[in-house]
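Novice: I need the structure of the sequence given here:
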Amino acid sequence: MTAAVFPGSFDPFTVGHRYIVERAAARFDTLVVTVVVNPNKTGLFGVDERIALIREDCADLPNVRVDRWTGLLVDHLRDEGITTIVKGLRSGTDFDYEVPMAHMNRELADVETMFLLTDPRYSHVSSSLVKEVAKLGGDVTPFLSTHIHERLQARLAGERRI
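Specialist: Reported below is the predicted structural model:
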């Protein structure tokens, strides 16, 4: 059985993330979308919320499951018996950022990284940019699934009342 881990903060999970999940899920028997928890960062959505949103968004993909991890990612892969990480690339900047991590993961735990290029329609989409545009009142509908867009709007409306 082949399996891979697709890690990220996914705050929020975008159509670009979904595109990579679909492509990776077609290539592996199991894909574990892993919300990597950084205790030093506070996201717009809590980890449990992100997991629930991703599960809902990927409910139609039977070989995809969603998990969380705090700590060194290769330890998570070791625990799962998985030797492949999937990373989506939007540009050369992403590649330059990801390559040293891929080399380190191979050195630490003999884990390979598979890079998948995103659809050019999503090459400018990032969670950070989506949040920034949404906070300033811009329309981010094309970049999120309907239920995630609704949750983002509700969250931002709550922040504006504070």
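
Novice: Please report how far the residue lying closest to Thr83 once chain neighbours are set aside lies from Glu150.
Specialist: Leaving aside its sequence neighbours, Thr83 sits nearest to Val111 (C-beta to C-beta, 6 or more residues apart in numbering; 5.5 Å). No exception for glycine: its C-beta is placed from N, CA and C like everyone else's. To Glu150, Val111 is 36 Å away according to C-beta to C-beta, to the nearest Å.

Novice: Please say which of these two ends up with more neighbours.
Specialist: Val111 (20 against 11; other C-beta atoms under 10 Å).

Novice: Enumerate every residue touching that one.
Specialist: Neighbour list for Val111: 74, 77, 82-85, 105 [criterion: C-beta atoms under 8 Å, 6 or more residues apart in numbering].

Novice: now, which of these sits nearest Ser127?
Specialist: Ser127 lies nearest to Ile85 out of the contacts of Val111, by C-beta to C-beta, at 18.5 Å.

Novice: Mind listing what's buried along the helix or strand harbouring Pro7?
Specialist: Assessed by DSSP states H and E, Pro7 sits inside strand 3-8. Neighbour counts over strand 3-8 (16 or more other C-beta atoms under 10 Å) mark 3-8 as buried.

Novice: Turn the residues you listed into a markdown table, including pLDDT.
Specialist: A markdown table is the format used below for those (pLDDT from 0 to 100):
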| residue | pLDDT |
| --- | --- |
| Ala3 | 98 |
| Ala4 | 98 |
| Val5 | 98 |
| Phe6 | 98 |
| Pro7 | 98 |
| Gly8 | 96 |
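
Novice: With distance to Tyr97 added, can I get the residues you listed in a markdown table?
Specialist: As requested, the buried residues of strand 3-8 are exported to a markdown table (distance: C-beta to C-beta, whole Å):
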| residue | distance to Tyr97 |
| --- | --- |
| Ala3 | 24 |
| Ala4 | 19 |
| Val5 | 18 |
| Phe6 | 16 |
| Pro7 | 13 |
| Gly8 | 13 |
